[in-house]
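Undergrad: I would like to see how this sequence folds:
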Amino acid sequence: MRLKYCFLLIFLLTTSSQACEMLMGYRTSERLPFIAEAPNHQGLYYALYSKALANIGCQLKVIRAPKKRILHMLKTGEVDFYPGLGFSDERETYLHFIDSGLKSRSAVISHLDTKSVQSLAEMKGKTLLIAHGAKPIDGEKYGVFMRSGYDLSIAQVVELISKKQVDFYFYNEDAIHYYLALHPYENIKVYPLNESYEALHLGFSRKSSFADERYNDDFDAKRVKSLDNREYILSKQSKVYQFQQALKQLSSQGVTSQLNSQFFLLN
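TA: Residues are numbered from 1 along each chain as shown. Presented below is the predicted three-dimensional model:
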């Protein structure tokens, strides 16, 4: 009889874990060392988020599609989260933003002959390349020509800049240095756009079955909405709140930093 109950307990725990599957969506192109090109999902994102989810009895599943399609699926709740997204008023209407524990700093990629810039105003008359689904940039306001592409890989971006077909592109500083260390270009330069590193947030769908939210009593309607001033926040009873806490724990334990060093290490 005792053996029967043991098997029943194992079955229930296994079923519970399988029932809790969070779906991460990402574009099809690679962003090494964060994630490989589809259908390979391996990289820092998978290692970090699968570990955090395992700690709360969940599993990580991944779907790859063009970024605009993934963003639409986040709006409807078909996808639970996107691993790295910047805050915007429009995105805040359908996403909760969770600190992943990772740090990020934006860099400018340009041709070696192109004058360095630190603002959009300094790009007047030049062409800025962005990916479809990226945060919108009002290039017309600053006299900047905008060019966009679907699921751009960093290899495509660097090649376009190397041939002077576009002038600038914004990218994660550590990731572009990682790429150029493996694929050197003598006519490409990279420099930081921001002075300091900032927290890298994942965007979690407000329509997800795992998301339960409540009104933020500290929300100030007179102030601009931001990461620190959101109208709705996660309920502590939700599974995604547990996910948030698991990521915090990994960060405080130094696990996140270890994973970051491991994946950015070039042999």
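Undergrad: from here on, just use CA atoms for contacts and neighbour counts.
TA: Fine.
Undergrad: got any ranges where the chain has weak pLDDT?
TA: Low-confidence segments of the chain (pLDDT under 70): 1-18, 267.
Undergrad: let's see it at 90
TA: For the chain, the stretches with pLDDT under 90 are 1-19, 132-136, 149-151, 194-195, 266-267.
Undergrad: now do the same for the most centrally placed residue in it: helix, strand or coil?
TA: When the chain is reduced to its mean C-alpha position, the nearest residue by C-alpha atoms, centre = their mean turns out to be residue 84, at 0.9 Å. Using DSSP: H, G, I helix; E, B strand; the rest coil, the structure places residue 84 in coil.
Undergrad: ok, for it, nearest residue in space, not its chain neighbours?
TA: Nearest-residue entry for residue 84: residue 202, 4.5 Å, with adjacent residues in sequence omitted and distances by C-alpha to C-alpha, 6 or more residues apart in numbering.
Undergrad: could you please name the strands the longest strand along the chain pairs with and the direction of each pair?
TA: What stands out as the longest strand in the chain, according to DSSP state E, is strand 95-104. With DSSP bridges as the test, strand 95-104 is paired with strand 198-205 (antiparallel).
Undergrad: which elements pack onto whichever helix or strand comes after the strand it pairs with?
TA: Downstream of strand 198-205, the next assigned helix or strand under DSSP states H and E is strand 213-215. Secondary-structure packing of strand 213-215 (3 or more C-alpha pairs under 8 Å, 6 or more residues apart in numbering; DSSP states H and E): strand 232-234.
Undergrad: touching the strand it packs on from outside, list them.
TA: 96, 211, 212, 213, 214, 215, 216, 240, 241 (C-alpha atoms under 8 Å, 6 or more residues apart in numbering).
Undergrad: which residues does residue 171 bridge with?
TA: residue 107.
Undergrad: ok, it to residue 70 distance?
TA: 20 Å (C-alpha to C-alpha, to the nearest Å).
Undergrad: higher neighbour count, those two?
TA: Of the pair residue 171 and residue 70, residue 70 is the one with more neighbours under other C-alpha atoms under 10 Å, namely 23 against 20.
Undergrad: how about the more buried one, nearest residue that isn't a chain neighbour?
TA: residue 25 (6.0 Å).
Undergrad: run a quick neighbour tally on the one you found.
TA: 24.
Undergrad: from the chain's centroid, how far away is the helix or strand encompassing residue 179?
TA: Using DSSP H and E, residue 179 falls within helix 173-182. Centre-to-centre, helix 173-182 and its host chain are 17 Å apart (C-alpha atoms, centre = their mean, to the nearest Å).
Undergrad: can you mark which positions in it are buried?
TA: Using 16 or more other C-alpha atoms under 10 Å as the test for burial, helix 173-182 gives 173, 174, 175, 176, 177, 178, 179, 180.
Undergrad: where does residue 169 sit: helix, strand or coil?
TA: Here residue 169 is strand, with the state taken from three-state DSSP.
Undergrad: quick check: residue 178 vs residue 239, distance?
TA: 34 Å.
Undergrad: do the same with residue 62
TA: Counting by C-alpha to C-alpha - residue 62 and residue 239 are separated by 18 Å.
Undergrad: any idea how far residue 209 lies from residue 84?
TA: With C-alpha to C-alpha as the criterion, residue 209 and residue 84 are 20 Å apart.
Undergrad: which of the buried residues of helix 173-182 sits closest to residue 32?
TA: residue 175 (6.5 Å; C-alpha to C-alpha).
Undergrad: which residues touch that closest one?
TA: Contacts of residue 175 by C-alpha under 8 Å, 6+ apart are 31, 32, 33.
Undergrad: if you tally nearby residues, what's the number for the first one?
TA: By the criterion of other C-alpha under 10 Å, residue 31 has 20 neighbours.
Undergrad: report the inter-axis angle for the host helix or strand of residue 109 versus strand 168-172.
TA: Using DSSP H and E, residue 109 sits in strand 106-111. Here strand 106-111 runs at an angle of 140 degrees relative to strand 168-172 (axes from the mean of the first three to the mean of the last three C-alpha atoms, to 10 degrees).
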